[in-house]
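K.L.:
Turn this into a structure:
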Amino acid sequence: MGGETTLLPFYNIPNLLYESKSQNSLILLTLAGSITQPSPLGAYKNGKPRPSASNSSAQTPMSSSHDADMDTSSSTSGSTRSEGDGEKDSTYGSCDSDSSIRDYYRRRSWGDQSKFKNVLSRLSEEVEESGQLAAITELCELLSFATDSSLSNLMADSFSPILVKLASQDSNPDIMLLTTRAITYLCDVNSRSSGFLVRHNAVPVLCQKLMVIEYLDVAEQCLQALEKISREQPLACLQSGAVMAVLNYIDFFSTSMQRVALSTVVNICKKPTSESLSPFMEAIPVLCNLLQYEDKQLVESVVTCLIKIGEQVCHSSDMLDEFCRHGLIQQALHLIDLNSRTTLGQPIYVGLIALLVKLASGSAVAFRTLLELNISSIIKDILSTYDLSHHGMLSTSVVDGHCSQMHGVLKLLNELLPTVTREQDIEVQLLSDREAFLMERPDIVEKFGIDLLPVLIQVLHSGVDMYICYGCLSIISKLVSWSKSDVLLTLLQTANFSSFLAGVFTRKDPHVILLALQIVDTVLLKLPHVFLKAFTKEGVLFTIYGLFSPDKCSQFMSSVFDGRRFAKDECKKS
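P.N.:
Below you'll find the model as predicted:
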């Protein structure tokens, strides 16, 4: 800044801070300008730090206009302090304070508007690069300090075509950089600027700079500009190819810029339509590759994109198969594994499991891949963490998130274990592809039973709600149906299955009881000589008979014991 700055003595600072509210903001602004070094261009907006736009090598000279504003503010603060020194307490928080602040910002807004008009006039008339560079530099500085009221919609619309034209030029990298920076700041200052810029074809210009990168700092600024525009104009960005533009060379950018690029894709993915899926499907390979990165924020943005895309393509098995051809299943299983190095937030984690449910439901490729990648051991670990006894010490949101996670896991298991066709004489070729696969791979079914049956019983014993109880019993029913007799015998004897079923029948929900009846029926069909005695001993058969004819319970049990005595007598006679 020009001239020497007179530093305020530090012993005066407490006195200055004791001034009324009406002057505190002006005094602090004066102090900031007096006792600190000047900030780089665009470092502050509305008295708060603005994030650095890029690490550009282009130098942006400071305008002297803010020095004048600061001097004026300083003198105003000083005069007000001397006049109201004896009325500090009475003026604190008064209406005059609010009025003076409003007057200050009104004068500042009028001053900014005149400066914007001046810059607009110069940019419209200037043909020399040096003049354009000076004007765009001043515009960047004005925008970096501007407020919402500083720039009218009409003025923002007038700047848009000029900025787009300057950004499209390739002759001067400094002009390109500062123009894209001005576009970024313009979107910050005026909420309707994104629409004005889109109308003047700013998005294709920015995308072109990213598809053919000449200057890295210009490309980084284009990323930030597109991210701002995508918040308000996602469809325009999608139609202009912004998805692949920001992802095309994402490996060459720093982590912070990669986050900006993914934030742009997330904004565009918020409202995808079935007619606009082609750009998203083109981005699937890049997105799946980014799941391997270690930056949590980056990975969560990628997962969010994939979830949104999956919601739109779940009706097409071909598109779901395309998801799986780029390693999505492998990376997703790694992320939901409790031993993963990348820990996702609860909503993202639950959303990723829901995506796997959609894939398993609609894609034969996903179904086979999930089973072959030993998903049962991963789900076993997830189910093992469910302990209702500790829920009383957790917040409601945490408990709800954990329950949502359980619901998602049970839905996934339900898709991976199709309902068994009960006809015994059905040919394998008449089965569905999924049923045929499980028939050919009994080892997978056995692994599922070994991993999941004990932990499902453990979850049921923990006192879960009826929804989770029904889901666990449904999976147990399918495991019993799919397991071969010898494998089933080992599984059920290890799990003390008869006692477990007796406890299930104490629940009053008819859906749960019906599932328990189906399980008993299947077990007795496969292993009648083994479990009839055990079910009788544990009271399972007594409870079942009581469901249909309570008054004949005693008669039923008497006939059971008489039948057993008759069998023993016959054996002795023979």
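
K.L.:
Show the end-to-end separation of stretch 265-280, please.
P.N.:
End-to-end distance of stretch 265-280: 9 Å, with CA to CA, to the nearest Å as the criterion.

K.L.:
Give the buried residues for that stretch.
P.N.:
Within stretch 265-280, the residues scored as buried using 16 or more other CB atoms under 10 Å are 265, 266, 267, 268, 269, 272, 279, 280. C-beta coordinates here come from the backbone N, C-alpha and C atoms, glycine included.

K.L.:
quick check, nearest of those to residue 241?
P.N.:
Nearest to residue 241 among these is residue 279, at 6.8 Å by CB to CB.

K.L.:
In contact with that closest one: list those residues for me.
P.N.:
Residue 279 sits next to 238, 241, 243, 244 when contact means CB atoms under 8 Å, 6 or more residues apart in numbering.

K.L.:
mind running it again at 10 Å?
P.N.:
237, 238, 239, 240, 241, 242, 243, 244, 245, 265, 268, 272 (CB atoms under 10 Å, 6 or more residues apart in numbering).

K.L.:
Could you check which helix or strand contains it?
P.N.:
helix 278-290 (DSSP states H and E).

K.L.:
just residue 368 next, same as before
P.N.:
Using DSSP H and E, the element containing residue 368 is helix 364-372.

K.L.:
what's the answer for residue 315, then?
P.N.:
Applying DSSP H and E, one finds residue 315 in no helix or strand.

K.L.:
Just the pLDDT at it, thanks.
P.N.:
We have a pLDDT of 88 for residue 315.

K.L.:
Ramachandran coordinates for it?
P.N.:
Dihedral angles of residue 315 (phi, psi; degrees, to the nearest 10) stand at phi -80, psi -10.

K.L.:
And residue 277, by the same measure?
P.N.:
In terms of degrees, to the nearest 10, the main-chain angles of residue 277 are phi -80, psi -20.

K.L.:
Surely it and residue 316 touch.
P.N.:
Yes: in this structure residue 277 lies within contact range of residue 316 using CB atoms under 10 Å: 8.7 Å.

K.L.:
and stretch 480-494, average pLDDT?
P.N.:
pLDDT averaged over stretch 480-494 gives 91.

K.L.:
Dump that stretch to CSV, restricted to CA.
P.N.:
The C-alpha trace of stretch 480-494 is given here as CSV (Å, rounded to 0.1, in the frame of the first residue of the first chain):
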residue,chain,number,x,y,z
VAL,A,480,-31.8,-74.3,6.7
SER,A,481,-33.5,-74.8,3.3
TRP,A,482,-30.3,-74.5,1.3
SER,A,483,-28.1,-76.6,3.5
LYS,A,484,-27.6,-80.3,2.8
SER,A,485,-28.6,-82.7,5.6
ASP,A,486,-25.1,-83.6,6.8
VAL,A,487,-24.1,-79.9,6.9
LEU,A,488,-27.3,-78.9,8.5
LEU,A,489,-26.9,-81.5,11.3
THR,A,490,-23.5,-80.1,12.2
LEU,A,491,-24.7,-76.5,12.2
LEU,A,492,-27.8,-77.1,14.3
GLN,A,493,-26.3,-79.3,16.9
THR,A,494,-23.5,-76.8,17.5
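
K.L.:
just to revisit the earlier point, I'd like to know which of the contacts of residue 279 are buried.
P.N.:
Among the contacts of residue 279, those buried by neighbour count (16+ other CB under 10 Å) are 237, 238, 240, 241, 242, 243, 244, 245, 265, 268, 272.

K.L.:
returning to what we had before: from the buried residues of stretch 265-280, which land in helices?
P.N.:
265, 266, 267, 268, 269, 279, 280 (DSSP state H).
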